[in-house]
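Novice: With the sequence up front, the predicted model follows.
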Amino acid sequence: MYFLFYLALGFVLLFLNNDVSKAVITLMNVIIVLVPLIGTIFGVMYFYNSKEFTELLLALPIKRSSIFVGQYLGVAGSLTLSLVMGLGIPFILYGLFKSNAIWDFTLLLVVGAFLTLIFTALSFNIALTNENKIKGFGYAVLMWLFFAVIYDGLFLLSLIMFEDYPLDKYSLVATMLNPVDLSRTLILLKLDISALMGYTGAVFKSFFGTRSGFLLSIFMLILWTLIPLYSLVRKAQRKDF
Amino acid sequence: MIRIDDLHKKFGRNHVLRGTDLSIMNPGIYAVLGPNGSGKTTLIKCILGMVIPTSGTIEVESKAIKKNWKYRREINYLPQIANFPGNLKVYELIAMIKDLRQKPGQEDNLISVFGLEPYLNSKLASLSGGTRQKVNILLALMFNSPLIVLDEPTTGLDPAALISLKKLIQKEKEQGKTILITTHIMQFVEEMADTIIYLLEGKIYFKGTVEELKTKTGKTNFDHAIAAIATNLEDV
């Protein structure tokens, strides 16, 4: 279903834009907001739905961490695959390999995959700590809302409040601490439209645009994936069923 | 076989197990009894490693079970509530469990004993409560393990299936296995159990045979003896 959605999305965007690199930009906006949401909701739903199954497995001679990491990889893996295939197929058909947007597009997919992994792991954590489905679901959606919308709002507010101070370092760090923002910045800069962002854009460009900045960002994304995953395993070890 | 030392378990403020000590050394049928909420299921889940004890140690086959999972190969477990993924078919579930256990199972015999052949191709969600319990029992008894834990095995079974279940349990016992059963059906206990373990407020109040229980409480009827045990022992 998810796969078909992306497949359709890819074709429609290409059809409307008639240009691969423009479609990539539109796609970015969709991916940045939608991928975390889907990862969050699917993660929570899957976890609660498979509760019985988990209990069945727990009584069998299987390591706890393998049960939960396996479930996580199952959900996150299939979501990632749908994303990559669903978007990849229309773009390849449209002649992606001949266009110069291929690296932008690849980065977009990599970032999308990371976002799926991160938000599925976060939602598993939420589901594991909340027995109550409704509560867990609510927290998960709130978490998504926080990272996708509220964080930006707070960030902007803080920038306005402290506008008298030099904020380069602060805004860099603040961006790093939100996987959604981090992904957005990475893609925007790769697409080379940072001129649109004025002075901050220039600062960001000098940081993210460099090789080390890029590597650091990817490293942060990996960290964002591994920390929730580790906490998931830790929590699972201690939980009662 | 099983050794439990000073086991405590708290769920928030609810102190379920309060220093349970238990050792089960010989094969046979052990009935774990006690009023609702006395910690029977919690105790069993602790042995299985599904519930992590607050303190205390549990050893199965003289190996501590903490941070260990391989010992579960030696245990067959029948959960109290048969929760299965509803979208699986019965034979798929059997195949999957066999695959996970990496052991040969004797499911064919059990399928015919419980008359499950017509249901093999139906989804678990569409089965009735009793049939689901039969599948549950089948999964628990199809492997050859020295320790069998049955949590309320009789729920929802029709009389014919109940008789088959009793026969099956007797057969397992003859093979020198240790069988742990919790149930509220006293007739079943009286008929089957070699040893009774009575749990009350998270402690073992009584451990002994049916006869010992009757002499201790001074009742000739087993139902009454069980009902009297809590009040009587409090007087002592």
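Specialist: Now that the structure is in, tell me what you want to look at. Numbering: from 1, shown residues only, chains lettered A, B, ... in the order given.
Novice: Specify the beta-bridge partners of residue B:75.
Specialist: In this structure, residue B:75 bridges to residue B:147 when assessed by DSSP bridges.
Novice: For chain A, which residue gets nearest to chain B?
Specialist: residue A:52 (3.5 Å; CB to the nearest CB). (C-beta placed from N, C-alpha, C; glycine too.)
Novice: Looks like that residue contacts residue B:85 (just checking).
Specialist: Yes - Residue A:52 is within contact range of residue B:85, at 6.0 Å (criterion: CB atoms under 8 Å).
Novice: Pull the number of nearby residues for the residue nearest to residue A:241 when sequence neighbours are not counted.
Specialist: Taking CB to CB, 6 or more residues apart in numbering or on different chains as the measure, residue A:241 lies nearest to residue B:50, with 4.5 Å between them; neighbours along the chain are not counted. Close neighbours of residue B:50, defined as other CB atoms under 10 Å in any protein chain shown, add up to 20.
Novice: And what about residue B:50, helix, strand or coil?
Specialist: Here residue B:50 is recorded as coil under DSSP: H, G, I helix; E, B strand; the rest coil.
Novice: With residue B:57 instead?
Specialist: Applying three-state DSSP: residue B:57 is strand.
Novice: For it, name its beta-bridge partners.
Specialist: Beta-bridge partners, per DSSP bridges, of residue B:57: residue B:5.
Novice: From residue B:71, how far out is it?
Specialist: As judged by CB to CB, to the nearest Å, residue B:57 and residue B:71 stand 13 Å apart.
Novice: Repeat that for residue A:186.
Specialist: Distance from residue A:186 to residue B:71, by CB to CB: 47 Å.
Novice: So the two - more neighbours on which side?
Specialist: More crowded of residue A:186 and residue B:71, by other CB under 10 Å: residue A:186, with 25 against 19.
Novice: What helix or strand is that one located in?
Specialist: helix A:179-190 (DSSP states H and E).
Novice: could you give me the average pLDDT of that helix?
Specialist: Here helix A:179-190 scores 79 as its mean pLDDT.
Novice: What is it packed up against?
Specialist: Using 3 or more CB pairs under 8 Å, 6 or more residues apart in numbering or on different chains; DSSP states H and E as the contact test, the elements touching helix A:179-190 are helix A:20-49, helix A:102-129, helix A:151-161, helix A:168-176, helix A:198-208, helix A:211-238.
Novice: Reformat those helices as a markdown table; add distance to residue B:144.
Specialist: Below are those laid out as a markdown table (distance: least, CB to CB, whole Å):
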| stretch | distance to residue B:144 |
| --- | --- |
| helix A:20-49 | 33 |
| helix A:102-129 | 34 |
| helix A:151-161 | 56 |
| helix A:168-176 | 56 |
| helix A:198-208 | 61 |
| helix A:211-238 | 30 |
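Novice: quick one: low-confidence ranges for chain B?
Specialist: For chain B, the stretches flagged by pLDDT under 70 are B:230-236.
Novice: Check which helix or strand the closest residue to residue A:236 other than its chain neighbours maps to.
Specialist: Once flanking residues are discounted, residue A:236 sits nearest to residue A:68: 4.4 Å by CB to CB, 6+ apart. Residue A:68 is part of helix A:64-93 when elements are defined by DSSP H and E.
Novice: So for that helix, what gets flagged as buried?
Specialist: Residues of helix A:64-93 classed as buried by neighbour count (16 or more other CB atoms under 10 Å in any protein chain shown): A:64, A:67-69, A:71-72, A:75-76, A:79-80, A:82-84, A:86-88, A:90-91.
Novice: measure the residue nearest the centre of chain B to residue B:33 for me?
Specialist: When CA atoms, centre = their mean is applied to chain B, the residue found nearest the centroid is residue B:150 (2.3 Å). Per CB to CB, residue B:150 is found 13 Å from residue B:33.
Novice: Equivalent analysis for residue B:101, please.
Specialist: Distance from residue B:101 to residue B:33, by CB to CB: 30 Å.
Novice: Settle it for me: which of those two has more neighbours?
Specialist: Comparing residue B:101 with residue B:33 by other CB under 10 Å, the one with more neighbours is residue B:33, at 23 against 19.
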